[in-house]
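*Asks:* return a 3D structure for these sequence lines:
(2 chains)
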Amino acid sequence: KAGVTQTPRYLIKTRGQQVTLSCSPISGHRSVSWYQQTPGQGLQFLFEYFSETQRNKGNFPGRFSGRQFSNSRSEMNVSTLELGDSALYLCASSLGQGYNSPLHFGNGTRLTVT
Amino acid sequence: AQTVTQSQPEMSVQEAETVTLSCTYDTSESDYYLFWYKQPPSRQMILVIRQEAYKQQNATENRFSVNFQKAAKSFSLKISDSQLGDAAMYFCAYGVITGTASKLTFGTGTRLQVTL
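*Replies:* Model (predicted):
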């Protein structure tokens, strides 16, 4: 079974631009979560989607948004990029039944904002 | 708000020896889950072990076991017979049960080095 796939693996953007990251969950998984990992703040929860609905949201500004498609694939968008948005963005998928179905993470997208 | 604290930024262990990584957390919830994740240089977070708070028995997965002290809000990970492949960042994580929603709060991580 293929794992969680995140594309692209690396991105370099300029301040003020916007970026879209993609995540394909494990086949059959209906829940997708996003996390931001930085050296200073560590791993922080961004949001979770289940059946195309946002089910939970972390404490991030409105510049961070996401969506989930009917095939459970998810995208995350960051608008008006700031230097502080440079981070590893991790996507995780699960069957979506709370913690009875553990999270499976992808390899992440490394975003660098210059 | 829930917090997770890992007080050991770095640990080192010799191959075949045993090492314990510490984790404490703060919560007012009674039902929750605790996890240890491993992040090797490949960046992928890998679930090592999971503990349900309502279970008194400590979870074990092969060479990995936990010491869960609910009253003390402590959740340490013991790695026995350490192997070179165990070298990685280890994150302790807490998850509260709210229906089927999942949201993990992570600690800052402990970098484990395994030496020959």
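*Asks:* just give the closest residue to the residue nearest the centre of chain A, not the sequence neighbours.
*Replies:* Geometric centre of chain A, nearest residue: residue A:34, 3.2 Å, by C-alpha atoms, centre = their mean. Excluding its sequence neighbours, the residue lying closest to residue A:34 (C-beta to C-beta, 6 or more residues apart in numbering or on different chains) is residue A:46, at 4.0 Å. Where C-beta positions appear, they are placed from N, C-alpha and C, glycine not excepted.
*Asks:* that neighbour - how many residues pack around it?
*Replies:* 22 (other C-beta atoms under 10 Å in any protein chain shown).
*Asks:* for it, report the pLDDT, please.
*Replies:* Residue A:46 carries a pLDDT value of 96.
*Asks:* remind me what the worst-scoring helix or strand of chain A on mean pLDDT packs against, helices and strands.
*Replies:* Least confident element among the helices and strands of chain A, by mean pLDDT, DSSP states H and E: strand A:53-57 (a mean of 90). Packing partners of strand A:53-57 (3 or more C-beta pairs under 8 Å, 6 or more residues apart in numbering or on different chains; DSSP states H and E): strand A:42-50.
*Asks:* what does the strand it packs on contact?
*Replies:* A:30-38, A:54-60, A:64, A:66-68, A:74, A:76, A:89-90, A:96, B:91, B:93, B:100-109 (C-beta atoms under 8 Å, 6 or more residues apart in numbering or on different chains).
*Asks:* just those residues: which are in helices?
*Replies:* The helices, defined by DSSP state H, take in nothing from the contacts of strand A:42-50.
*Asks:* quick check on these: which are buried?
*Replies:* With burial judged by 16 or more other C-beta atoms under 10 Å in any protein chain shown, the buried subset of the contacts of strand A:42-50 is A:30-37, A:55-56, A:58, A:60, A:64, A:66-68, A:74, A:76, A:89-90, A:96, B:91, B:93, B:100-109.
*Asks:* middle-most residue in chain B, spatially?
*Replies:* residue B:36 (2.9 Å).
*Asks:* how about that residue, what does it touch?
*Replies:* Residues counted as contacts of residue B:36 (C-beta under 8 Å, 6+ apart) are B:21, B:23, B:47-49, B:64, B:66, B:75, B:77, B:90-93.
*Asks:* next, it: secondary structure please.
*Replies:* Classification of residue B:36 using DSSP: H, G, I helix; E, B strand; the rest coil returns strand.
*Asks:* near chain B, which residues of chain A show up?
*Replies:* Neighbours of chain B within chain A, by C-beta under 8 Å from any C-beta of the partner chain: A:3, A:31, A:33, A:35, A:42-45, A:48, A:50, A:55-56, A:58, A:88, A:90, A:92, A:94, A:96-99, A:102-108, A:110.
*Asks:* can I get the buried part of those as one PyMOL selection?
*Replies:* In PyMOL syntax, the buried subset of the residues of chain A next to chain B is picked out as below (16+ other C-beta under 10 Å):
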select buried, chain A and resi 31+33+35+42+43+44+45+48+50+55+56+58+88+90+92+94+96+98+99+103+104+105+106+107+108+110
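*Asks:* picking that back up, tell me the strands beside the least confident helix or strand of chain A, with direction?
*Replies:* Sheet pairing here is set by DSSP bridges, and for strand A:53-57 it gives strand A:42-50 (antiparallel).
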